[in-house]
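Visitor: whatever this is, show me its structure:
(one chain, ligands or ions: 1)
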Amino acid sequence: MGLRKIIRKGDISLKKKSRTVTEFNARLHILLNDMLETLKDADGVGLAAPQVGVLRRAVIVADISGEEPKYIELINPEIVAEEGEQIGPEGCLSLPNIWGVVTRPEKVTVNAQDRYGEPFTLEAEELLARACCHEIDHLNGVLFDELADRFLSEEEIREMTEGEAE
Ligand code: CO
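Guide: Numbering: from 1, shown residues only. Just a heads-up that it's a prediction; the model follows:
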């Protein structure tokens with residue numbers, strides 16, 4: 001287990017399309033364990049393998065709708081249905097201190113595999129739906145700043161983060 005370095009915007013790896021995971025082996029499990037540790041350490045709600053320099057279709061999203069965050073590993077995830085619309089602030093561990101207003105579906109249905117290759121379906125809404133869209137975009141080399149309608153001002157960021165602390 002170990003923390004991995006989160007790469008920042010400007011690194012070419014973030015612009016590349018990640019490859020399908022075909023081997024659900026120890027190497028994948030080490031990557032996922034490290035990604036989870038890195039995500040928790042950064043206090044984020046999602047992390048994609050390309051953000052730690054591995055161009056494979058693997059992400060972790062955090063469901064923070066309950067008391068404790070629940071971390072969900074999605075291997076080879078695909079959005080198969082979406083519903084509604086949400087407009088809200090979005091950030092990224094690879095673009096620190098930048099927040100943009102991004103329109104996303106309110107609900108998504110994601111087909112994915114777990115770390116053993118077992119297929120499952122995740123129904124996600126609100127922030128979790130946003131995280132799924134954002135992380136799957138990473139697997140296609142897309143960053144949220146390309147999708148943002150506008151960026152938050154420093155004052156808006158301050159208000160938002162103070163609100164979280166309450
Ligand atoms: Co991101």
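Visitor: please pull out the lowest mean pLDDT helix or strand from this protein.
Guide: Lowest by mean pLDDT, DSSP states H and E among the helices and strands of the chain is helix 154-165, with a mean of 82.
Visitor: in the protein, where's the longest strand?
Guide: With secondary structure taken from DSSP state E, the chain has its longest strand at strand 70-83.
Visitor: where along this structure do the strands fall?
Guide: Going by DSSP E, the chain shows strands at 46-48, 58-63, 70-83, 86-90, 100-104, 107-113, 119-125, 150-151.
Visitor: which of the residues in the fourth one are buried?
Guide: This means strand 86-90. Across strand 86-90, burial judged by 16 or more other CB atoms under 10 Å covers 86, 90. Where C-beta positions appear, they are placed from N, C-alpha and C, glycine not excepted.
Visitor: low pLDDT regions in the chain?
Guide: 1, 163-166 (pLDDT under 70).
Visitor: buried residues, the least confident helix or strand of the chain. List them.
Guide: For helix 154-165, by 16+ other CB under 10 Å, it's residue 157.
Visitor: and the angle from that helix to strand 100-104?
Guide: Relative orientation of helix 154-165 versus strand 100-104 (axes from the mean of the first three to the mean of the last three CA atoms, to 10 degrees): 70 degrees.
Visitor: which of the strands of the chain sits most buried?
Guide: strand 46-48 (a mean of 28; mean count of other CB atoms under 10 Å).
Visitor: direction included, what does that one pair up with?
Guide: Sheet pairing for strand 46-48, assigned by DSSP bridges, gives strand 58-63 (antiparallel).
Visitor: related to what we said a few turns ago, reformat the strands of the chain as JSON lines; add distance to residue 25.
Guide: Converted to JSON lines, the strands of the chain look like this (distance: least, CB to CB, whole Å):
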{"stretch": "strand 46-48", "distance to residue 25": "20"}
{"stretch": "strand 58-63", "distance to residue 25": "12"}
{"stretch": "strand 70-83", "distance to residue 25": "12"}
{"stretch": "strand 86-90", "distance to residue 25": "33"}
{"stretch": "strand 100-104", "distance to residue 25": "33"}
{"stretch": "strand 107-113", "distance to residue 25": "13"}
{"stretch": "strand 119-125", "distance to residue 25": "17"}
{"stretch": "strand 150-151", "distance to residue 25": "41"}
